[in-house]
Structure formats: structure tokens, C-alpha cells
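In: Here is a sequence with its predicted model. Questions after.
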Amino acid sequence: MLSEKEKIDLITRISIDLNEVKDIDLLLDRILSNARRFFNADAGSIYLKEGDQLRFGNTQNETLQKELRRGKKLFFNTYSIPVNNQSIAGFVAKNILPVNITDVYHLNNTLPYAFDSQFDKLARYKTESMLTVPMTNQRRNLLGVMQLINAKDEQGKIIPFSSADEPLIAHFATTAALAVERAQLTRNMILRMISMAELRDPMETGAHVNRVGAYSVEIYEEWAKGRGFAGMDIERNKDFLRMAAMLHDVGKVAISDLILRKQDRLTDLEFEAMKSHTLLGARLFRDIQTDFEEVAIDVALNHHEKWDGTGYPGHVDISTGKPLPGCEVLPGHAKGKRGEEIPLFGRIVAVADVYDALSSRRSYKEAWDEMRIFQEMHALSGKSFDPEVIQAFFSCFDDLKAIGKRYPDRNQ
């Protein structure tokens, strides 16, 4: 258990840490991890407010996590609950009041809310103590609800959450809410850019880019852990990669509708125009001022390069699109980047993007079954894809499938 001074020091460090995370999904995970550590909670969830609903955004459960094979993660499907007095989280959201419950299975019958035990039954888990707090910004506008479950003492016994800690978690929730508000603004700006691309290319949807971003992060984390990368470096790179991967095809906003929406096979000239989206996307970030912009260039420019050197755009000058000196193989055509000449994040997003294309239904095809996907990705290892990245892809495949269910296409 943390002392009072340790709690104050920790909450200060957490506030600084949260302000450095840009991606909303990674931020929610960081918030919940820190809150659980702060209050020694076995589990917890965060709900984000969307209109008159609370959307289940992130969850963690140490007990259930320990039951999984090492390195695997818990994933839960998203769902929404109404902001009303019937549920505990809904009550907290509606009334902007914290609720501290000693035992959720022994609630006073006069209370307006009730505990839904369905999750406990499905997961074979026992919820007892629960502390639920509103997450509001400085204007007292509700952004979400944080719910901590099963506080533990030093011996691991489940105990009630201390009433003395309630002011601390209220302060923590406000600090977290400010970070959430900023991250939501960043995500919304990215999705607006994607929506512009979607107007041009129906395949470039919010669900697609969310999946590619999340897949890329999982593949990278698996790859990096296998090489002994430091946890802090992995987390930092995941933050940049998630956003950059979502914007991998943003250059398509400058491609003609006649090409993007063409149902028949593209002519050679049309395909050359389509390939330019890699350069056009990279140019959006070329005045590099942050690490994110550097990663975004790597991803936009290189996600169609191939391990065997047959991809595009190859060794080109971003500003002109012309081959770099000594890299012209045909007039106006650059030699493709090969192997580790392709930046790592470009190699990873290439795998994530193709996997999403194969596993998703399109107007011209049905989603491929798992065995067919396995065979194709194996066949492309060492040709289109970095074999070590493909190895990481297969190692976290169950996690990728769970992510796909979190971001379904609108027509599913």
C-alpha cells in the first residue's frame, strides 16, 4: 500500500505522464493502469460519454489477466449504457456524483441503481467493492466515468475503497479528464481528415483506419518485446504509431474520384496516379517539428514498399517525386526500397493494412476465412513483408481478431 506522501508524489507524476500521451485509446489504458495502481484495485473500467450514452471504452482485470497465457491481453467488446439512474455508472454520470460501494451484491433496496451481475457470471469473476467517479473537465462538463473494482489490502484480500481516498480520486479523475479531452480533440481531427478521404474513397472508413492503427500497435508491441525494448520506449512509440497508422492513406484526398471509385481494373497510367498517394500523404508532414510527424512520413511514404524491393514509391525525393541520384531504374521510376531500407513502421503498417483488406468484406469480395488469410500472409513473408514482422503478426493474431470485433464496419 502507498503512503500518503507516495500517493501525492505519484499523482503528480501521473499528471505529467498523461499529458504526454496523444492517442485516446492508449491514454485510457494508461489512466486506468495508474488509477488501479494508485488505489490498489484489482480491476476497473472507463466509460466515455457519447450523447446520452456511456460507451465502454477500456477495461482491465488483473485476476482474469493472470488466467491468460503470458503475453496475451484481455479484450472486451464495446457496448453502451444510457445515462440514467438505473445503473451505477449511469447514475454517476447523470448526477455528477461519486459512488463508493462496499459490496455490490448487498445494495440498499432504496437506491435507484442496481448492479448488473451478467459480466461476473460470464467471466466467472466476483465483484465486491466498487468506487465509481465522474470524469469532468474544468467547466464541469462530463467526459466519462471511471469505475474501480475490488480494492485489495497488502495481503491481497478484497476490502472497501477508503472514503479518505475519495477526494484524491476525484482530483485524479479531473486530471485524467483534461487529458482525455485533449486526446479526443486529436482523434477527432484525425477522423475528420479520414472522413475527407472517405468522401473520395469509400474503403477509407473510420472503422478501417481504427483497425489498422490498433493492429499496427499490437504487432509493433509484440515485435519490440521480442527484442527486449524498454517498456517506456515501447509505450512512446505506440502513441506515435497509432495516430500515424490511422493516417497511412491520407494522401488519397488528392487522387481523382475517377480513379478512386473506378470499379474496373486501373490502367497503367491510372495506377501510377494512384501510387502518388504515398508521396502526397508524406508531404503533409514534411516540415518536421515533432516525433509524430517523422513517424507519419515514414508510414505514409513506405506502407506500399515490399521486402523484396518490388514496392513503391522507392528511393524518391519527397518534394519532387523524382528518383534520388543513382536510384533510377527506368526513366522517372525509382528503385524500390528493399529489406531494412524500409523504415520499421512502414513495414508494420503494410502488414496491418493488408490483413485488414483480407479480413474485411468489400463490395467486390467477401471477408477471407482465417485459414486462407494464414496461407496468404505466410506466402507473402520474405516477399512483400518483413519475416520478423510477420512472425510478430502471427504471435498476436488472437489479439488482432479481438480488435477487429471492436471496430466493425457499418454494414456489419
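Out: Looks like it arrived, so ask away.
In: and stretch 100-107, C-alpha only, in PDB?
Out: What follows is stretch 100-107, C-alpha atoms only, in PDB (Å, rounded to 0.1, in the frame of the first residue of the first chain):
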ATOM      1  CA  ASN A 100     -18.400   4.200  -3.100                       C
ATOM      2  CA  ILE A 101     -19.900   0.700  -2.600                       C
ATOM      3  CA  THR A 102     -18.700  -1.800  -0.100                       C
ATOM      4  CA  ASP A 103     -20.400  -4.800  -1.700                       C
ATOM      5  CA  VAL A 104     -22.300  -4.500  -4.900                       C
ATOM      6  CA  TYR A 105     -24.300  -7.700  -4.200                       C
ATOM      7  CA  HIS A 106     -25.800  -6.100  -1.000                       C
ATOM      8  CA  LEU A 107     -27.100  -2.800  -2.100                       C
END
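In: Give me the buried stretch members for that stretch, please.
Out: Of the residues in stretch 100-107, those with enough neighbours to count as buried (16 or more other Cβ atoms under 10 Å) are Asn100, Ile101, Val104. Yep, even glycine has a C-beta here, placed from its N, CA and C like the rest.
In: Stretch 41-60 now?
Out: Using 16+ other Cβ under 10 Å as the burial criterion, the residues of stretch 41-60 that qualify are 41-49, 54, 56-60.
In: do the same with stretch 78-97
Out: Applying a neighbour-count criterion of 16+ other Cβ under 10 Å, one finds Ile81, Val83, Asn85, Ser87, Ile88, Ala89, Gly90, Phe91, Val92, Ala93, Lys94 buried in stretch 78-97.
In: likewise stretch 164-182?
Out: If you call a residue buried by 16+ other Cβ under 10 Å, then stretch 164-182 has these buried ones: 165, 168-169, 172-182.
In: mind putting the residues you listed in JSON lines, pLDDT included?
Out: Formatted as JSON lines, those follow (pLDDT from 0 to 100):
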{"residue": "Asp165", "pLDDT": "84"}
{"residue": "Leu168", "pLDDT": "85"}
{"residue": "Ile169", "pLDDT": "87"}
{"residue": "Phe172", "pLDDT": "87"}
{"residue": "Ala173", "pLDDT": "90"}
{"residue": "Thr174", "pLDDT": "88"}
{"residue": "Thr175", "pLDDT": "87"}
{"residue": "Ala176", "pLDDT": "90"}
{"residue": "Ala177", "pLDDT": "92"}
{"residue": "Leu178", "pLDDT": "90"}
{"residue": "Ala179", "pLDDT": "91"}
{"residue": "Val180", "pLDDT": "92"}
{"residue": "Glu181", "pLDDT": "92"}
{"residue": "Arg182", "pLDDT": "90"}
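In: Among those, which ones are in helices?
Out: Counting by DSSP state H, the part of these found in helices is 168-169, 172-182.
In: Pull stretch 276-289 out as CSV, backbone CA atoms only.
Out: Coordinates of each C-alpha in stretch 276-289 appear next as CSV, following Å, rounded to 0.1, in the frame of the first residue of the first chain:
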residue,chain,number,x,y,z
SER,A,276,1.3,9.0,-55.8
HIS,A,277,-0.9,9.0,-52.7
THR,A,278,2.1,7.8,-50.7
LEU,A,279,4.1,10.9,-51.7
LEU,A,280,1.1,13.2,-51.3
GLY,A,281,0.5,11.9,-47.8
ALA,A,282,4.1,12.2,-46.7
ARG,A,283,4.3,15.8,-47.9
LEU,A,284,1.6,16.8,-45.4
PHE,A,285,4.1,16.1,-42.6
ARG,A,286,7.4,17.1,-44.3
ASP,A,287,8.0,20.2,-42.2
ILE,A,288,9.0,18.0,-39.3
GLN,A,289,8.6,19.6,-35.9
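In: what sits up against that stretch?
Out: Judged by Cβ atoms under 8 Å, 6 or more residues apart in numbering, the contacts made with stretch 276-289 from elsewhere in the structure are 247-255, 293-294, 296-297, 300-304, 312-313, 316, 318-319, 321.
In: Drop anything exposed from those.
Out: Of all the contacts of stretch 276-289 considered here, the ones buried according to neighbour count by 16+ other Cβ under 10 Å are 247-255, 293-294, 296-297, 300-304, 312-313, 316, 318, 321.
In: tell me how far the ends of stretch 326-342 are from each other?
Out: Using Cα to Cα, to the nearest Å, one end of stretch 326-342 lies 17 Å from the other.
In: Any regions of the stretch 201-350 of the chain where pLDDT drops low?
Out: Under the criterion of pLDDT under 70, the regions of the stretch 201-350 of the chain flagged as low confidence span 201-205.
In: ok, now with 90
Out: For the stretch 201-350 of the chain, the stretches with pLDDT under 90 are 201-208, 231-232, 252-266, 286-291, 329-333.
In: Over to Lys49. Which of the three states is it?
Out: strand (DSSP: H, G, I helix; E, B strand; the rest coil).
In: so which helix or strand takes in Arg372?
Out: In this structure, Arg372 is located in helix 370-380 according to DSSP states H and E.
In: Toward the C-terminus, what is the element adjacent to that helix?
Out: Remark: after helix 370-380, the chain's next helix or strand is helix 387-395, criterion DSSP H and E.
In: just to revisit the earlier point, which two of the buried residues of stretch 41-60 have the greatest separation?
Out: Largest separation among these by Cβ to Cβ: Asp42 and Lys49, giving 25.2 Å.
In: beta partners of Thr59?
Out: Legend: beta-bridge partners of Thr59 under DSSP bridges are Ser45.
In: Strands of this structure, start to end?
Out: Remark: strands assigned in the chain by DSSP state E are 41-50, 53-61, 80-82, 99-101, 130-136, 142-152, 158-159, 328-330, 333-334.
In: could you dump those to a markdown table with distance to Pro112?
Out: Written out in a markdown table, the entries for the strands of the chain read as follows (distance: least, Cβ to Cβ, whole Å):
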| stretch | distance to Pro112 |
| --- | --- |
| strand 41-50 | 18 |
| strand 53-61 | 16 |
| strand 80-82 | 13 |
| strand 99-101 | 11 |
| strand 130-136 | 14 |
| strand 142-152 | 16 |
| strand 158-159 | 25 |
| strand 328-330 | 72 |
| strand 333-334 | 67 |
